[in-house]
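Participant: okay, here's the prediction I keep looking at, along with the sequence it came from:
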Amino acid sequence: MIGCVAVASGNINNFYKLSIGLKRANWQLCVVCECNIHSLINKSCNMSKGVELKNPNLARMPSDYLYHLAINVANTADTSDIQRQFGDVKVLCMGGTPSRMRELARYLRNELGNSDNSEPVDLAEAGHRYALFKEGPVLCASHGVGSSTASVVLHELLKLLKYAKCQDPIIIRIGTCGGVGVAPGTVVVTKDAYNGYLRNEHEIPILGKRVVRPAQFPEQVIQDILRLSKRSDDGFDTIMANTMSSDCFYEGQGRIDGAVCDYDDAAKMEFLKEAHKLGIRNIEMEATMLSSLTLQAGVKAADICVTLVNRLNGDQVEITPETKKDYEHRPFLIVGRYIKALLGK
Ligand SMILES: O=P(O)(O)O[C@H]1O[C@H](CO)[C@@H](O)[C@H]1O
Ligand SMILES: O=c1cc[nH]c(=O)[nH]1
């Protein structure tokens, strides 16, 4: 009976609501449905296609100003200028800071065999909000701290990929995070993204209502990334695990060193251990939004983050700037290999 409903619904949102309903009613039924969600994700990722966004209003807009990027799509019926500039994009890399994204653009330039020595140009400089660099078929965009700033630029970048008619692009976040029971410097590739309530879903208020959407990353992409990393070659572990995403670095992540805190260390440890039991090995601030928005948009995505601290041992990020730079470079290695394999280089 469950298989029947799942096939008939055909809509991943309805399907997910069904799975949540069943999860509350009967654990066994829920497992059946979640398997189907994963196969739906992976099936949608095997198709080579342009970006088809689920917003009918876009078709009725004669022009579209991507305000925070300061990129003007002057004529949505003829986007040939945007296609000339961005149409070859295959990968969109995102990360918190402009400097890390500039560094990544430089690194990928080398990896992709481009001998240009000039400074990467910030294509979104006029927007004064985010940085955007283009290195051949790769865009590197900064997104700020947390889902709210990251979702703004992600909406605009998804529209840019659509207007540019990019074929089957992938979005990869390259970030930092706190570890849960793993050594600092471990790279975590996210499978399921959990929110601050320790629920594997993305929750947002829309039109005054609580909207809940699925928050998983496509398994095939994760496996492809993992295949390209080996402790013996890299000198660090790259693991697949679940990720908790919070809206606050301090209380939202159970830290006791914020400006405000009304729980004690024992309550914090109980929370982190509960997270650990759910397979959560890292905590950052964008994974639920990123997985959910890209799933809605039908675009493949991944989240690759390096841990800066083991939260079971403390809250403060105390590593030296040199170690931080070294750690931040670790996901670059993985993503560089993945992009080269993707481009057949
Ligand atoms: O290192 P980035 O990519 O900024 O990501 C992590 O670091 C920030 C908090 O310091 C949050 O955005 C979190 O997700
Ligand atoms: O603990 C950490 C470290 C980096 N980023 C986070 O969001 N949390």
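Facilitator: Structure's in. What do you need? Predicted model only: the values in this text are computed from it and were never measured. Ligands and ions are numbered 1, 2, ... in the order given.
Participant: which one of the residues in the stretch 201-345 of the chain is closest to ligand 2?
Facilitator: Closest residue of the stretch 201-345 of the chain to ligand 2, CB to the nearest ligand atom: Glu284 (4.3 Å). Any C-beta I mention is one placed from the backbone N, CA and C, and that applies to glycine too.
Participant: OK, contacts around that residue?
Facilitator: Gly175, Thr176, Cys177, Gly178, Thr243, Met244, Ser245, Asp303, Cys305 (CB atoms under 8 Å, 6 or more residues apart in numbering).
Participant: ditto for Leu160
Facilitator: Shown in contact with Leu160 (CB under 8 Å, 6+ apart): Leu66, Leu69, Ile71, Val73, Ile82, Phe86.
Participant: okay, and which of those residues map to helices?
Facilitator: With DSSP state H as the criterion, helices contain Ile82, Phe86 from among the contacts of Leu160.
Participant: redo the contacts of Leu160 as JSON lines? Include neighbour count and distance to ligand 1.
Facilitator: Below are those laid out as JSON lines (neighbours: other CB atoms under 10 Å; distance: CB to the nearest ligand atom, whole Å):
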{"residue": "Leu66", "neighbour count": "19", "distance to ligand 1": "21"}
{"residue": "Leu69", "neighbour count": "23", "distance to ligand 1": "18"}
{"residue": "Ile71", "neighbour count": "22", "distance to ligand 1": "22"}
{"residue": "Val73", "neighbour count": "19", "distance to ligand 1": "27"}
{"residue": "Ile82", "neighbour count": "24", "distance to ligand 1": "27"}
{"residue": "Phe86", "neighbour count": "24", "distance to ligand 1": "23"}
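Participant: please report the distance of the closest residue to Arg102 other than its chain neighbours from ligand 1.
Facilitator: Spatially, and ignoring its direct neighbours in sequence, Arg102 is nearest to Pro120 (5.5 Å; CB to CB, 6 or more residues apart in numbering). Using CB to the nearest ligand atom, to the nearest Å, Pro120 is found at 18 Å from ligand 1.
Participant: quick one: name the residues of the chain near ligand 2.
Facilitator: By CB under 6 Å from any ligand atom, the part of the chain that sits against ligand 2 consists of Thr176, Cys177, Gly178, Phe249, Gln253, Ile283, Glu284, Met285, Leu308, Val309, Val317.
Participant: among these, which ones are in strands?
Facilitator: Members of the residues of the chain next to ligand 2 lying in strands (criterion: DSSP state E): Thr176, Cys177, Gly178, Ile283, Glu284, Leu308, Val309.
Participant: from these, which single one is nearest Cys140?
Facilitator: For those, the residue nearest Cys140 by CB to CB is Thr176; the value is 15.7 Å.
Participant: burial count for the residue nearest to Arg102?
Facilitator: 20 (other CB atoms under 10 Å).
Participant: okay then, goodbye and thanks.
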